[in-house]
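> Provide a 3D model corresponding to the input given below.
(one chain, ligands or ions: 1)
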Amino acid sequence: MDTEILIVGAGLCGLHAAARLQAAGRSVLVLEKSRGLGGRAATRRWNNMPVDHGAQFFTAKSPEFVAQVARWMEAGVCHEWTRGLHRFSSGQLHAPEDFAHPRFACRAGMASLGRALGGPLGDIMRRESKVSRFAVVDGQWQATLEDGRLVRSRSLLLTPPPAQSRALLAETAPMAAQELDRHHSWPCLAVAACFSRREIPWQGIQAPDDKVLTWIGHDTSKRPELHAGHTILMLHAAPSFSITNADAPEGEIAAALLRRASEMTSLDLCSPLEIFLQRWRYALPASGETPSGPIAQTFPAPLAIAGDWSHGGRIEGAWMAGRDAAEQLLVMLR
Ligand SMILES: Cc1cc2nc3c(=O)[nH]c(=O)nc-3n(C[C@H](O)[C@H](O)[C@H](O)COP(=O)(O)OP(=O)(O)OC[C@H]3O[C@@H](n4cnc5c(N)ncnc54)[C@H](O)[C@@H]3O)c2cc1C
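This is a model prediction of the structure:
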């Protein structure tokens with residue numbers, strides 16, 4: 001056996017679970033397919049500046065996560081970005097009305113959260129290690145990586161989005177795979193647009209009912225000191241638009257989103273200096289905010305499956321799901 005607990009995915013759920021299991025004295029190994037940590041809490045360096053192309057900000061409601069955010073703030077990982085977001089509804093842009101909830105962001109980008117959780121884990125992280133399939137051999141999990149490496153473990157925690165976890169388990173744990181069928185995700189086409197520096201009178205606009213564009217984020221306002229000459233906006237397409245245009249050319253998608261952003265804001269946003277497009281296939285859980293809890297079973301070998309989808313979505317949900325999954329595994333391994 002290579003490890004007692006194998007965790008697939010170094011998003012916030014996998015990293016938080018790893019930290020708790022390691023603190024409980026367990027032997028843990030984390031496999032992550034990409035180079036970076038943090039999963040969908042993702043930041044790209046663009047023109048030498050951080051730009052959040054996945055999660056935009058986060059909120060904290062449960063006392064446990066509020067305490068975690070306080071620790072991150074003290075360590076300089078995140079800061080309170082804004083309390084009020086604009087809203088576009090019924091054809092009009094509305095100024096914020098509710099200032100009760102702080103929204104947090106990270107000066108160095110949302111990937112800072114993954115670095116903050118993953119840094120202290122030391123050498124239990126294996127990046128660029130994509131799992132292709134699982135088998136159970138002599139009562140133990142055996143992961144086959146894309147490059148042919150094998151990893152054996154007594155128990156397994158899967159944290160990729162449900163459809164990806166399902167594909168990994170279809171043959172070995174069909175019951176768990178079937179349960180995952182109930183959890184769907186929405187895709188999201190995300191466009192970043194860079195402009196010469198200009199005044200933008202809002203931090204973000206939410207448009208949850210729009211059929212084209214549900215979010216316009218003023219990314220620069222999270223770290224104004226780093227963007228002396230530029231203004232960067234992040235646009236998120238609505239789920240229906242993202243499904244219909246999943247394979248459309250980058251220029252077409254960007255033009256449609258920028259046109260809609262111009263209509264919503266009454267600003268001319270149709271001629272950016274530069275754009276990039278990120279096609280998220282599994283961006284947000286479609287299940288809404290009701291926590292379903294991790295899937296846990298002991299046959300054919302101890303297994304937990306968790307992620308934002310199992311705790312109401314979002315950054316906070318992913319972090320809480322890591323806690324739940326770690327607890328489930330500790331009970332199963334008692
Ligand atoms: C466009 C967008 C906007 C969002 N906006 C917000 C927001 O404003 N506020 C908010 O709170 N949340 C937001 N979210 C949601 C938030 O990012 C997620 O809820 C959270 O990051 C999910 O964390 P997770 O650990 O559950 O999953 P993930 O972050 O998806 O982590 C899963 C990890 O598994 C890895 N993986 C997958 N398959 C394999 C494999 N075969 N082998 C090895 N590794 C694998 C992936 O690379 C990934 O790192 C947004 C997400 C997107 C995409």
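
> need the helices for the stretch 51-200 of the chain, in chain order.
For the stretch 51-200 of the chain, the helices defined by DSSP state H, counting those that start in this stretch occupy 63-74, 111-118, 162-169, 174-180.

> how about stretch 269-283: buried residues?
269, 272, 275, 277-280, 282-283 (16 or more other C-beta atoms under 10 Å). C-beta here means a position set from N, CA and C on the backbone, and glycine is covered the same way.

> Filter these down to just the ones in strands.
275, 277-280, 282-283 (DSSP state E).

> what residues does the protein put near the ligand?
For the chain, the contact set with the ligand under C-beta under 6 Å from any ligand atom comprises 8-14, 31-34, 39-41, 54-58, 130-131, 159-161, 164, 188, 190, 236, 280, 283-284, 307-308, 313-315, 318.

> ok, back up a step: among the helices of the stretch 51-200 of the chain, which is nearest Thr82?
Among the helices of the stretch 51-200 of the chain, the nearest to Thr82 by C-beta to C-beta is helix 63-74 (14.6 Å).

> Please state the offset of that closest one from the chain centre?
Mean-position distance between helix 63-74 and its chain equals 18 Å (C-alpha atoms, centre = their mean, to the nearest Å).

> Which strands and helices lie in contact with that helix?
For helix 63-74, the elements it packs on are helix 314-332, judged by 3 or more C-beta pairs under 8 Å, 6 or more residues apart in numbering; DSSP states H and E.

> Now do the helix it packs on: which elements does it pack against?
Helices and strands touching helix 314-332, by 3+ C-beta pairs under 8 Å, 6+ apart, are helix 12-23, helix 63-74, strand 150-158, strand 295-297, strand 303-305.

> Same list (those) but as CSV, adding mean pLDDT and distance to Arg107.
Listed next are the helices and strands packed on helix 314-332 as CSV, based on pLDDT from 0 to 100; distance: least, C-beta to C-beta, whole Å:
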stretch, mean pLDDT, distance to Arg107
helix 12-23, 98, 18
helix 63-74, 98, 11
strand 150-158, 97, 31
strand 295-297, 94, 36
strand 303-305, 97, 34
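
> Just say which of those is most tucked in.
Comparing the helices and strands packed on helix 314-332 by mean neighbour count (mean count of other C-beta atoms under 10 Å), strand 303-305 comes out on top with a mean of 27.

> Direction included, what does that one pair up with?
strand 150-158 (parallel), strand 295-297 (antiparallel) (DSSP bridges).

> With distance to Glu179 added, can I get those strands in a markdown table?
Conversion of the strands paired with strand 303-305 to a markdown table gives the following (distance: least, C-beta to C-beta, whole Å):
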| stretch | distance to Glu179 |
| --- | --- |
| strand 150-158 | 12 |
| strand 295-297 | 5 |
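
> Around Ala75, how many other residues sit close by?
Residues near Ala75, counting by other C-beta atoms under 10 Å, number 10.

> who's in contact with it?
Contacts for Ala75 (C-beta atoms under 8 Å, 6 or more residues apart in numbering) come out as Ala116.

> residues contacting the nearest residue to Asp181 once chain neighbours are set aside?
Leaving aside its sequence neighbours, Asp181 sits nearest to Arg166 (C-beta to C-beta, 6 or more residues apart in numbering; 6.8 Å). By C-beta under 8 Å, 6+ apart, the contact set of Arg166 is 177, 180-181.

> Make a ChimeraX selection of the buried ones in those.
This is the ChimeraX syntax for the buried subset of these, where burial follows 16+ other C-beta under 10 Å:
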select :177,180
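
> Looking at the contacts of Arg166, which is nearest the ligand?
Closest approach between the contacts of Arg166 and the ligand, by C-beta to the nearest ligand atom: Leu180, at 13.1 Å.

> just checking, that closest one touches Pro294?
No: assessed by C-beta atoms under 8 Å, Leu180 is found out of contact with Pro294, at 11.3 Å.

> Now do the shared contacts for those two.
Shared contacts of Leu180 and Pro294, defined by C-beta under 8 Å, 6+ apart, are found at Ile305.

> need the helices and strands packed on helix 314-332 in JSON lines with distance to Asp324, can you?
Shown next, in JSON lines, are the helices and strands packed on helix 314-332 (distance: least, C-beta to C-beta, whole Å):
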{"stretch": "helix 12-23", "distance to Asp324": "9"}
{"stretch": "helix 63-74", "distance to Asp324": "11"}
{"stretch": "strand 150-158", "distance to Asp324": "11"}
{"stretch": "strand 295-297", "distance to Asp324": "9"}
{"stretch": "strand 303-305", "distance to Asp324": "9"}
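
> Out of these, which gets nearest to Val331?
Comparing the helices and strands packed on helix 314-332 by C-beta to C-beta, strand 295-297 comes nearest, at 8.2 Å.
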